[in-house]
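> mind folding the following:
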Amino acid sequence: MIIIQARMTSTRLPEKVMLPLCGKPVLQVMVERLSDWHKYIIVATTNDGSERPILDLCNKLNIRTFEGDTKDVLGRYYDAAKHYGATESTTIVRLTSDCPLIDQELCTQVISKKLQLEYDMVNLGPHSGFPRGLDCCAFSFQLLERTHNQASSAADREHVTLGMAKFSSMSTYTFGAQEDYSDYRLTLDEPDDYLAIVAIYKAFGDSLNFSYPELLKMLKKKPELYDINKHVEQKAV
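Model prediction:
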């Protein structure tokens, strides 16, 4: 069960999931880059009245949706999983809609490792040398439920995974990149991030079919792509 959190009310870049990219909304590009996992995807959006464009797009793409609390993201994830029949043994994969360069093969590696049932959580993120914007995290529904039941503060409920270690003794496996590319910023938070991502896709001829190794090769070949938003990390909190 892959749950993508998506909303229209991003503070730094409002309505970013619906910005045009390769002639499609950003969210559609992300979903299409996960084509092998299409039937497992759920988009967990908000119920604040702004979510209609997301719901309409997902309906068009035949993607399941769930509408939940805007600020209680943990509760929204939990309720979405329960709504679609998650049990203790269900693996939940958390993705965020600000990752239109998400890599399907990397996500598959995370999911496969979690399905071996050796770890409570398997994750991949910039803290392990991967660029910001390729993040993928898999964990059991049991762990999500335990965190949901115990988290009471607003800070613990506005994130899905940050409080998990706080409320549980858990084993974690973190994928490490062969080289450190954490200085590459591929996430979509601010206007210059959008310009960079548009430029990267244009460098690939607006094709969605390129791999993580091909992406790295392009960024090394054309460092001007990376330069577009390399300053943003210093401002982002």
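
> for this protein, name the helix or strand with the lowest mean pLDDT.
Least confident element among the helices and strands of the chain, by mean pLDDT, DSSP states H and E: helix 232-235 (a mean of 64).

> list of residues touching stretch 173-180?
Stretch 173-180 is contacted from outside by 106, 109-110, 113, 118-119, 121-125, 127-130, using C-beta atoms under 8 Å, 6 or more residues apart in numbering. For glycine as for every other residue, the C-beta is placed from the backbone atoms N, C-alpha and C.

> among these, which ones are in strands?
121, 122, 123, 124 (DSSP state E).

> just give me the closest of the contacts of stretch 173-180 to residue 205.
If you rank the contacts of stretch 173-180 by distance to residue 205 using C-beta to C-beta, residue 106 comes first, at 22.2 Å.

> residues contacting the residue lying closest to residue 8 once chain neighbours are set aside?
Excluding the flanking residues, the one nearest residue 8 by C-beta to C-beta, 6 or more residues apart in numbering is residue 50, at 4.2 Å. If you count contacts by C-beta under 8 Å, 6+ apart, residue 50 has them with 7, 8, 9.

> which of those are buried?
If you count burial by 16 or more other C-beta atoms under 10 Å, the buried members of those come out as 7, 8.

> return the subset of the contacts of residue 50 lying in strands.
Reading strands off those, I find no matches (DSSP E).

> residue 120 touches residue 172, doesn't it?
Yes - counting by C-beta atoms under 8 Å, residue 172 is a contact partner of residue 120 at 6.7 Å.

> the one helix or strand residue 226 maps to packs against which elements?
Assigned by DSSP states H and E, residue 226 falls within helix 223-227. Contacts defined by 3 or more C-beta pairs under 8 Å, 6 or more residues apart in numbering; DSSP states H and E place helix 223-227 against helix 191-203, helix 212-221.
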